[in-house]
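Trainee: need a 3D model of the following:
(chains A and B)
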Protein chains: 2
Amino acid sequence: MLYKIRIHRQSQIEELQAEEGSNLLQTLLQHNYDMYAPCNGNGTCGKCKIRLIDPAGPEPTSKGHTILSTEEITAGYRLACRTTINSDLDIRLDDTDFLKAKVVTEGRRRKVRLSPAVSKRFITLTPPDLEDQRSDSRRLADTLGLKQETASLSLLRQLPATLRAANFETTLLFNRTRLAGLEAGNTTAKLFGIAVDIGTTTLAAYLLNLNTGDQLATYSGLNPQKKFGADVIARISHTLEKPNGLAEMQAAILEGINQAVRQLTAAAGLQPTDVYEIVLVGNTTMLHFLLNLAAKNMAASPFIPVTTQTFILQAAEAGITINQNAIVVLVPAVAAYIGADTVAAALASGMSTRKPVSLLIDFGTNGEIVLGNSEWLLACSAAAGPAFEGANIHNGVGSIPGAIDSFLIEKELKYTTIGGEKPVGICGTGLIDIAAGLYKAGIIDATGRMATGTGLPNLPQSLKDRLAVIDGMAAFLIASADESAHHQEVYITQKDIRELQNAKAAIAAGIQVLAATAGIRLQDIEKTYLAGGFGSYIKAASAIHIGLIPLELSGRLEAIGNAAGAGAVEILLSRRSLHQAEKIKQKIKYIELSSCREFNDFFIDAMLFTEE
Amino acid sequence: MLYKIRIHRQSQIEELQAEEGSNLLQTLLQHNYDMYAPCNGNGTCGKCKIRLIDPAGPEPTSKGHTILSTEEITAGYRLACRTTINSDLDIRLDDTDFLKAKVVTEGRRRKVRLSPAVSKRFITLTPPDLEDQRSDSRRLADTLGLKQETASLSLLRQLPATLRAANFETTLLFNRTRLAGLEAGNTTAKLFGIAVDIGTTTLAAYLLNLNTGDQLATYSGLNPQKKFGADVIARISHTLEKPNGLAEMQAAILEGINQAVRQLTAAAGLQPTDVYEIVLVGNTTMLHFLLNLAAKNMAASPFIPVTTQTFILQAAEAGITINQNAIVVLVPAVAAYIGADTVAAALASGMSTRKPVSLLIDFGTNGEIVLGNSEWLLACSAAAGPAFEGANIHNGVGSIPGAIDSFLIEKELKYTTIGGEKPVGICGTGLIDIAAGLYKAGIIDATGRMATGTGLPNLPQSLKDRLAVIDGMAAFLIASADESAHHQEVYITQKDIRELQNAKAAIAAGIQVLAATAGIRLQDIEKTYLAGGFGSYIKAASAIHIGLIPLELSGRLEAIGNAAGAGAVEILLSRRSLHQAEKIKQKIKYIELSSCREFNDFFIDAMLFTEE
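Mentor: Residues are numbered from 1 along each chain as shown, chains lettered A, B, ... in the order given. Reported below is the predicted structural model:
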């Protein structure tokens, strides 16, 4: 039996059909609705909320809606992941569409000499006759002064027609010194490239003119693999559970990249075929998926990737729809959880070229941390969990308009939201600010325990009034139902504080392990680079206040934005930078925290909120 | 409207359906009946004869049956190429099935030290743990003592599962020193290879055990491209006329090779996946088709191939169904009409390793001729036409059972046939013998003119009685209707003699041009190698008598069989032989006869029958 699902978004209504008994979240994801579901449909994150247009209409089979309040359920809210389709349904998707999430595409860039791996050269060959019957390939090799014919089979398939299309006048494409393509006539003016940072959640991409170095357009969008799971582990599971799961995963990311290519080139008035090089960075799992390599052995100890090497592929081989002779460069990684994105970020930070020691932190579900200088580099990956992304937080949201992103308790409680809109929830930076503020106000103690009404005689009444109990758990009201966009209270709960403590302790302990391994003191670290979207918006004082970043690093923090993307752009512009990335990869010594006893000690210490 | 065509062969009847108005020859070819049609369905060769089971039944639309005698037409014979289907038909295919053609698969082989390009090595890797998290690829490279990871992307896709299938015990496949594959456990005992000679008409293939050098099976079959045209020019035309003609041509030859693989491995109790290397030789057009390279520019002056280089491909890339990690080696060629088959034949002859000058003639529609020694090599391709293969000859047939293959006039006329069966026609070797015999008997003069009844007063009456006129043209009866298998006379005609004169003059003039270019006398040629099926069966005395082979080479002729196949086997067994083939390719100077004035002079002289 098929049912109709009508999806209302703003003024549009779309309709799709679903089998009786199918899951609503899966159905929406399969139809490419960008549902945010960081808990992978386990009913625990509460992020896949939809609203029934007619709350009194047929009730879909559902269970485990306990994360929603009675008011929400009455108002028609349901978790898509807990909803089984057994009738026609009219639903409204939340207006705070995740598509509107702020993706930080810009990162601090270093100046590099323009010397891309790809280049063009216009030449004229002598046409053949009965006195000169050299093959097309030999003629080309002779013109280039090469002893060996070097054209690939795919190039040889284009060779005869291309040479004869413009009377043996042809433009050669080189990948460094290797012949990579040829075109009829003089096309040297056309040479464009794209750098892509493949995140687990989002994809950022940059279009550059490789003849001038100018950036022509930027792109950010969601990673289409999202429908197979929110995090790398969920996605690896998918590749194991379905016979063609890995191929599906590859197809999804390729579609994401190809869409970025189409949008970027269209924005600049170009064709995808004008793109001759793509540089890709991403975590090791993303790059395995992209290459259709088994990621399975990275999901469990001892976390073994198939390879972490540099790849230079033909576009067709990589499955990317750009110029058929284009090259696709995959930046090298270090380990299962120190990916090409971290190598690129380290490159962009310049930390590996300087004598003084610096620290790089790239925040995410895993916080990648690199410590070192021009002599040595150490790296680790701290499992921070998704708290910084708003997942597993009672009223957590991503960095979307209306997310509470800063918070202060002076006499009164104050907060700001992204875009200045009515609050919809709390994002990662807001969470840190709130924890810092509550700790300063004494509402949470050094162990993270949140006060209940009776415990704080000196607290002003206006704050006392905000103390609450939710599901038997201490909580604190951040925004009232009146203030909020959805007329529902925004709380921070005891559990939220515990999630944050775990996250910040993982990062802080990771930093401590690296410093201890290197045998240096934290105060000897000259500079700390905060990379990634979260790293860009985080408030240093709060981060230090809650102990996410050790106090000793205070005053020497620098947000460098999407450093992975900046590193990818740098490699696109300069082939020497790929060589530098190779050297960074070789130099980094990876510290596995899961087998590190010191880490556990540091972690327990770092769970505490520290005194300033 | 669809009609049924029932095909009677021996005791079998097969049925197929055909659209009204379709051509019978094309229909049979499309259903993979191995019809012999060297004139490409132009109604001139008379080789695609079929017989109507009921000559009184519905008459298919037909035209241009003039090449058949009235008796034949009455008996139900028709040319399939001239027959349009407009009713159900019962037909009988000629019993002298071309499939029974003798294909010379054996060639003289040189002794080589067994050192195939592919080899295997069994190794055990240390399994990973948390103290040793190297990637699978790095672990493998370290075990092999390699600084760079060298596994290809397709190999990396197999790597993790293969390593873990037998507890990190694995067998590596190498292509020379390059890692080409890996298998779980110890599989070193399995290492087989196949050498293939792709002829325009036939395919010969050899299965060898690469651990021992033993030949396990041989195969010969038709080139499935035949349905697209009998010769290279017809096939190139097909690739130009149809949008996917080149892809069809590639698919056909791949199917031919894959069938050879299946039959060879089945014959030896092996699987196609046990084959780790295939060495391919063939003319330049065949290898272009195999690689899906445009052969177009070889069909017209100045005859330019895309490339003549060596190729070493992965089996999958080449489209050949053997072990997925197997390599496919294409032997290099010299020019559009001096192919890898000639290079391989020259290799097998050993002519390029000896000081004395020798000559190699590989007979076919083009006669490839190579002259030289260890210092220098010259080659040319003489357009002999298909007369040696029985095409364009009134009663010409291929080398099938019943073909008249030798002929002598002593007191009486004598002939033999292949297999000692009743004569069905005249094959190439028979044609030469007959021409030599008739010339000796004075029935044809030095210019090739055949006597009519009145011109030879001294001719014995028994021979005089054989003089006839067919279609207003002088002819000579070789076998009477009583003697022949089909109760029809077998004649040689004036036109047949002219065809032969053209063919032999082309070869003889080619030899003269090479000798003149080298500045040597024919008597200085120490040895003449006759390669190919025709070359193996040709009678030296007759060939010299008619001037196909210059008298000066007399007494130093050696038939070396399928030398191209022997060269391919040699390259399969020894990687040094591929290197030698490369050197032969580099050394050969190609002489283009079509722009050679001397060739025309030699050709006119060589048209004559010479005095001994």
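Trainee: count the neighbours of residue A:169 for me.
Mentor: 14 (other CB atoms under 10 Å in any protein chain shown). Glycine gets a C-beta too; all of them are placed from N, C-alpha and C.
Trainee: what sits against the nearest residue to it once chain neighbours are set aside?
Mentor: Nearest residue to residue A:169, sequence neighbours excluded (CB to CB, 6 or more residues apart in numbering or on different chains): residue A:124, at 5.0 Å. The contact partners of residue A:124, taken as CB atoms under 8 Å, 6 or more residues apart in numbering or on different chains, are A:168-170.
Trainee: narrow the residues you listed to those in helices?
Mentor: With DSSP state H as the criterion, helices contain none of the contacts of residue A:124.
Trainee: if we can go back for a sec, quick check, pLDDT for the residue nearest to residue A:169.
Mentor: pLDDT for residue A:124: 97.
Trainee: briefly note if the longest helix along chain A comes near chain B.
Mentor: With DSSP H setting the assignment, residue counts place helix A:494-518 as the longest helix in chain A. No - using CB under 8 Å from any CB of the partner chain, helix A:494-518 never reaches chain B; the gap is at least 14.6 Å.
Trainee: same question for that helix, mean pLDDT?
Mentor: Helix A:494-518 comes out at a mean pLDDT of 96.
Trainee: and that helix, how far from the chain's centre?
Mentor: 20 Å (CA atoms, centre = their mean, to the nearest Å).
Trainee: and for stretch A:569-586?
Mentor: 20 Å.
Trainee: next: stretch A:73-92.
Mentor: Taking mean C-alpha positions (CA atoms, centre = their mean), stretch A:73-92 and its chain are 30 Å apart.
Trainee: end-to-end on that stretch?
Mentor: Stretch A:73-92 has an end-to-end distance of 14 Å (CA to CA, to the nearest Å).
Trainee: go on, stretch A:412-430?
Mentor: For stretch A:412-430, the end-to-end distance is 17 Å (CA to CA).
Trainee: in that stretch, what's buried?
Mentor: A:413, A:415, A:417-418, A:423-430 (16 or more other CB atoms under 10 Å in any protein chain shown).
Trainee: same question, stretch A:506-515
Mentor: Counting neighbours by 16+ other CB under 10 Å, the buried set in stretch A:506-515 is A:506-515.
Trainee: so residue A:530: helix, strand or coil?
Mentor: Following DSSP: H, G, I helix; E, B strand; the rest coil, residue A:530 is assigned to strand.
Trainee: partners of it in the sheet?
Mentor: For residue A:530, the beta-bridge partners under DSSP bridges are residue A:361, residue A:559.
Trainee: okay, now it: neighbour count?
Mentor: Residue A:530 has 23 nearby residues by other CB under 10 Å.
Trainee: can you name the residues that contact it?
Mentor: Counted by CB under 8 Å, 6+ apart, residue A:530 has contacts A:361, A:363, A:536, A:538, A:557-560.
Trainee: and it, how far from residue B:528?
Mentor: 83 Å (CB to CB, to the nearest Å).
Trainee: which parts of the stretch 301-450 of chain A sit against chain B?
Mentor: Checking the stretch 301-450 of chain A against chain B by CB under 8 Å from any CB, the hits are A:301-309, A:311, A:313, A:317, A:335-336.
Trainee: rerun that using 6 Å as the cut-off
Mentor: A:302, A:304-309 (CB under 6 Å from any CB of the partner chain).
Trainee: dump the residues you listed to CSV, plus secondary structure, pLDDT and distance to residue B:292.
Mentor: Rendered in CSV, the data for those read as follows (DSSP: H, G, I helix; E, B strand; the rest coil; pLDDT from 0 to 100; distance: CB to CB, whole Å):
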residue, secondary structure, pLDDT, distance to residue B:292
A:302, coil, 96, 45
A:304, coil, 98, 39
A:305, coil, 98, 35
A:306, coil, 98, 31
A:307, coil, 98, 30
A:308, coil, 98, 35
A:309, coil, 97, 30
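Trainee: out of these, flag the one nearest to residue B:176.
Mentor: residue A:309 (21.6 Å; CB to CB).
Trainee: which residue comes closest to the closest one once chain neighbours are left out?
Mentor: With CB to CB, 6+ apart, the residue lying closest to residue A:309 is residue B:149, at 4.8 Å.
Trainee: same thing with residue A:588?
Mentor: Per CB to CB, 6+ apart, closest to residue A:588 is residue A:377, 4.4 Å.
Trainee: roughly how far apart are that neighbour and chain B?
Mentor: 16 Å (CB to the nearest CB, to the nearest Å).
Trainee: so how far is residue A:359 from that residue?
Mentor: Where residue A:359 is concerned, residue A:377 sits at a distance of 11 Å (CB to CB).
Trainee: ditto for residue A:578
Mentor: Relative to residue A:359, and taking CB to CB, residue A:578 is found at 24 Å.
Trainee: which one's more surrounded, these two?
Mentor: Using other CB under 10 Å as the criterion, residue A:578 and residue A:359 rank with residue A:359 on top: 26 against 21.
Trainee: which helix or which strand is home to the more buried one?
Mentor: strand A:358-362 (DSSP states H and E).
Trainee: and after that strand, which helix or strand comes next?
Mentor: Following strand A:358-362 toward the C-terminus (DSSP H and E): strand A:366-372.
Trainee: identify the residues contacting residue A:130.
Mentor: B:302, B:592, B:595 (CB atoms under 6 Å, 6 or more residues apart in numbering or on different chains).
Trainee: run the last query once more with 8 Å
Mentor: B:301-302, B:592, B:594-595.
Trainee: with pLDDT added, can I get the contacts of residue A:124 in TSV?
Mentor: Formatted as TSV, those follow (pLDDT from 0 to 100):
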residue	pLDDT
A:168	98
A:169	98
A:170	98
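Trainee: and residue A:1, what pLDDT?
Mentor: For residue A:1, pLDDT reads 83.
Trainee: next: the one 5 residues further on.
Mentor: Per-residue confidence at residue A:6 stands at 87 (pLDDT).
Trainee: shouldn't it be within a helix?
Mentor: No - counting by three-state DSSP, residue A:6 is located in no helix; its state is strand.
Trainee: does it touch residue A:89 like I think?
Mentor: Yes - between residue A:6 and residue A:89 a contact is recorded at 7.1 Å, counting by CB atoms under 8 Å.
Trainee: of those two, who's got more company?
Mentor: residue A:89 (24 against 14).
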